[in-house]
Every structure is written in C-alpha cells, then in structure tokens.
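K.L.:
what would the 3D arrangement of this be:
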Amino acid sequence: MQQQPSALRDHVVCVRCAAALDLSGQELRCARCAQLYGWAGRIPLVLPRVDDHLSLWRQQLAALRLQGDHTLSAIESELESPGLTPNGLARLRALGHALREQLSNIADIVGPALGQGATEASGNLPRGIVEYIQFLYRDWSWEGAGNGENQRALAAVRDVLSPGALGRMLVLGAGACRLAYDLHRQCGATETAVVDIDPFLFVIAEAVIRGETVRLTEATANVQELSQVARAWDLSAPFGPLGAEHFHFFLANGLAPPFADGTFDTVVTPWFIDQVATDLPAFLTVLRRQLKAGGRWLNTGPLLYPVDTPLARRFSREEIFELAERAGFRIERWASESRPHLESPLNGRAKIEWILTFEASAVGEPQ
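P.N.:
Take a look at the predicted model:
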C-alpha cells in the first residue's frame with residue numbers, strides 16, 4: 001500500500017530546540033525542552049516569550065483606543081471653530097463617526113483573539129493597523145469596486161511560474177493573505193502555511209479566509225467630496241472559504257519559520273526580503289533549508305529598504321540573484337515593472353511602485 005504523505009502540522013517544530021510540536025491540545029508546549037507557546041484566537045503563536053508578545057499586542061490595542069479617543073476629542077473641539085460652514089461641520093461629524101466605527105470594528109474582532117490581560121496603553125501603535133490596514137481593504141473588498149491590484153499581483157507571479165503544481169507551500173510575511181489565498185486556490189497548492197508576526201492583520205485575514213464576513217470602515221482625513229469621507233467595506237473571500245486542514249495560520253518569525261527542514265515544495269516571499277531580512281545571506285540559507293530538493297522559491301515585491309539599512313546591504317536585483325545562487329538556488333525566470341499600488345476607491349489616491357518578481361529553483365546546498 002502506498003504511504004500517504006504526512007500532514008503539514010506534523011512538520012511544525014519548536015523554535016528553541018527543533019523538536020516536533022503537537023498542535024492538537026489547548027496547551028502548546030514542547031515535550032523536549034518545555035518551551036511554552038500559545039494561541040491568539042484560533043492561530044498558534046509559535047514565538048518564545050509568548051506572554052510578552054500577547055502583553056505587547058494588548059497594550060498596542062489599548063494605545064490604538066487611546067489615540068482614537070484623543071482624535072475624537074480633537075474633532076469635537078474643532079466643531080467649535082469659528083467660521084465653519086455647514087459643509088465643514090458635516091465633514092468633521094462624518095469623520096468622527098467613521099473613526100468610532102473603524103476602532104470598534106478592529107477591537108471587536110482582534111480584542112477577543114488577544115484575550116484578557118494588562119490593558120495599559122504602550123507608546124507604540126500597532127503597525128498592522130496604522131501602516132497596513134489598507135492591505136485588508138485591498139485584499140478582500142476593493143476588488144468589488146473595480147480595484148484590480150490583486151489580479152495584477154497574481155498575474156505577475158504566474159508569468160514567471162514554471163509548469164507544475166505548487167504542492168505544499170509556505171508564505172512568509174503573508175500579511176492580509178490574499179496572494180497566498182489566490183495561489184492556493186489557482187496554482188495547485190495542496191497545503192499552505194502562512195506566517196506573519198502581526199496579529200492585527202492576521203486575525204482579521206484568518207476570519208475572512210475561514211468564511212466570515214468582516215465589516216471594516218475606511219476613513220480619510222483628506223476629503224475631496226463629502227460623500228467620500230468614509231466607507232464601510234464587507235471583507236469576504238471571493239472564491240469561498242478555506243478550512244484549517246488545508247490552509248494553516250502561524251504567528252511566528254518569518255526569519256526562523258517553525259518547520260522542519262525540507263518541509264515545503266514552494267516558499268513565497270511577498271514584499272518581504274527587503275523589509276524584514278536585514279541579513280539577507282543568512283535568511284536565504286534558512287529559506288533554502290525549508291525547501292525540498294528541486295523545490296521553488298517565488299518572490300514578488302519592491303526593494304524598499306528601511307532607512308537605517310547600511311548602503312552595503314541595500315542589494316540590487318543582480319546582487320540578490322548572486323546571493324541566491326550562493327545559497328543553493330538557480331534563478332529560472334524574472335520580470336520587473338512599475339505599477340499602481342494601494343489605489344483606494346474611496347479617495348482615488350495610489351502609489352506607484354517598482355516590483356521585482358522571480359522564480360528560483362532549489363538545486364544545490366548553500367555555499
């Protein structure tokens with residue numbers, strides 16, 4: 001009888017000692033080294049110092065609420081400004097209402113996943129909401145209003161993709177998860193693991209992919225028309241839900257994924273290698289070890305390095321390809337283009353970004 005392949009969850013390991021990690025119980029603890037992990041709602045939290053992470057995220061959510069209260073108070077004060085026209089009053093009132101809705105939407109879904117604990121606000125707001133919330137709108141709702149960015153992103157990857165199913169796939173820095181969802185649905189993935197460190201995107205994306213409809217309000221302080229102060233979006237998975245037996249979420253460090261070596265047929269890094277992997281050569285070695293021999297690495301995204309990145313590590317395309325070859329990869333196909341990014345149907349604004357997309361095969365061992 002032919003042996004059936006093991007499930008992806010059988011390949012999850014402790015990030016401290018690399019022993020197999022059992023995800024079936026309520027308590028998530030390594031049987032070898034006793035490292036304790038945890039859960040954020042339905043998502044396993046495979047990070048050391050779990051309590052510290054949960055405490056930080058709760059403090060960030062409290063900081064978000066506090067910032068919202070301060071903003072609402074400022075709007076209330078501005079309503080008393082002399083010389084406001086009736087339309088000016090209407091704009092400020094609409095903005096205050098939209099902000100209340102937005103914060104309530106976020107807290108209602110993310111708060112329960114983070115659980116009870118210290119709620120004193122920290123000094124830092126959650127990046128997943130402050131910097132990246134538009135990814136949720138774009139991935140799961142703007143498409144219905146004519147935004148085609150999801151289709152363009154998928155098409156760019158498929159253009160460099162060699163024939164053959166993706167098999168067991170890992171997506172590092174998956175964010176709001178639409179590209180991972182589309183690749184899983186349309187390119188022959190059997191099981192997919194998505195990894196990110198940000199619960200404010202991930203908890204909402206997980207709810208959407210499991211089949212829930214999540215309402216989020218988008219608001220803009222830069223108002224062109226009174227009818228475009230805000231809009232409530234219903235976020236939903238356009239091609240139906242994906243169950244936990246085939247599409248797995250992990251709150252974990254993408255630079256040290258919690259999986260045994262050789263687990264995956266495909267690893268995808270969307271908008272990841274420039275922002276996260278500050279030591280790119282070391283990361284490429286980790287990435288290569290996650291792949292089976294002959295597996296593939298798919299990358300798509302810009303080369304927008306953090307401002308504190310040394311010039312010597314702001315790698316060009318040619319340097320990235322050279323480093324990939326040293327890590328045991330062969331570049332198969334690549335393309336680059338400038339295209340619109342985050343074009344909101346609410347305010348019509350967008351960015352233009354240069355995107356590098358390529359496929360590389362795992363053909364050797366790291367040098």
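K.L.:
part of a strand, is R333?
P.N.:
Yes - R333 sits within a strand when classified using DSSP: H, G, I helix; E, B strand; the rest coil.
K.L.:
give me the pLDDT for it.
P.N.:
Among the per-residue scores, R333 shows a pLDDT of 98.
K.L.:
so what's it up against?
P.N.:
159-162, 358-359 (Cβ atoms under 8 Å, 6 or more residues apart in numbering). Every C-beta, even on glycine, is put in place using the N, C-alpha and C of the backbone.
K.L.:
is it in a bridge, and if so with what?
P.N.:
Counting by DSSP bridges, R333 forms beta bridges with E359.
K.L.:
please report how far it lies from I197.
P.N.:
From R333 over to I197 the distance is 30 Å, taken as Cβ to Cβ, to the nearest Å.
K.L.:
still on that earlier bit, please pick the buried ones from the contacts of R333.
P.N.:
Buried residues within the contacts of R333, defined by neighbour count using 16 or more other Cβ atoms under 10 Å: 160-161, 358-359.
K.L.:
quick revisit: in CSV: the contacts of R333, plus distance to A74 and pLDDT.
P.N.:
Output for the contacts of R333, formatted as CSV (distance: Cβ to Cβ, whole Å; pLDDT from 0 to 100):
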residue, distance to A74, pLDDT
D159, 47, 98
V160, 48, 98
L161, 49, 97
S162, 54, 95
F358, 46, 98
E359, 49, 98
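K.L.:
so, low pLDDT: which residues of the stretch 51-200 of the chain?
P.N.:
Along the stretch 51-200 of the chain, the model assigns pLDDT under 70 to residues 117-119, 121-123.
K.L.:
try it again with 90
P.N.:
For the stretch 51-200 of the chain, the stretches with pLDDT under 90 are 60, 62-68, 103, 115-132.
K.L.:
show me where the stretch 1-150 of the chain has its helices.
P.N.:
If DSSP state H, counting those that start in this stretch is used as the criterion, the helices of the stretch 1-150 of the chain fall at 50-78, 86-114, 127-130, 133-140, 149-160.
K.L.:
the stretch 151-300 of the chain now?
P.N.:
All helices of the stretch 151-300 of the chain, identified by DSSP H, counting those that start in this stretch, fall at 178-186, 199-209, 280-290.
K.L.:
any idea which of these is most buried?
P.N.:
Among the helices of the stretch 151-300 of the chain, ranked by average contacts under mean count of other Cβ atoms under 10 Å, first place goes to helix 199-209 (a mean of 25).
K.L.:
now the residue nearest to the spatial centre of the chain. Its backbone dihedrals?
P.N.:
The C-alpha lying nearest the average C-alpha coordinate of the chain belongs to G175 (Cα atoms, centre = their mean; 0.7 Å). Dihedral pair for G175: phi 60, psi -120, per degrees, to the nearest 10.
K.L.:
circling back: any chance of the helices of the stretch 1-150 of the chain in JSON lines, plus distance to T220?
P.N.:
JSON lines is the format used below for those (distance: least, Cβ to Cβ, whole Å):
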{"stretch": "helix 50-78", "distance to T220": "13"}
{"stretch": "helix 86-114", "distance to T220": "8"}
{"stretch": "helix 127-130", "distance to T220": "14"}
{"stretch": "helix 133-140", "distance to T220": "10"}
{"stretch": "helix 149-160", "distance to T220": "18"}
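K.L.:
deepest of those, which one?
P.N.:
Mean neighbour count (mean count of other Cβ under 10 Å) peaks for helix 133-140 among the helices of the stretch 1-150 of the chain, with a mean of 22.
K.L.:
packing partners for it?
P.N.:
Judged by 3 or more Cβ pairs under 8 Å, 6 or more residues apart in numbering; DSSP states H and E, helix 133-140 is in contact with helix 149-160, helix 178-186, helix 199-209, strand 214-219, strand 230-235.
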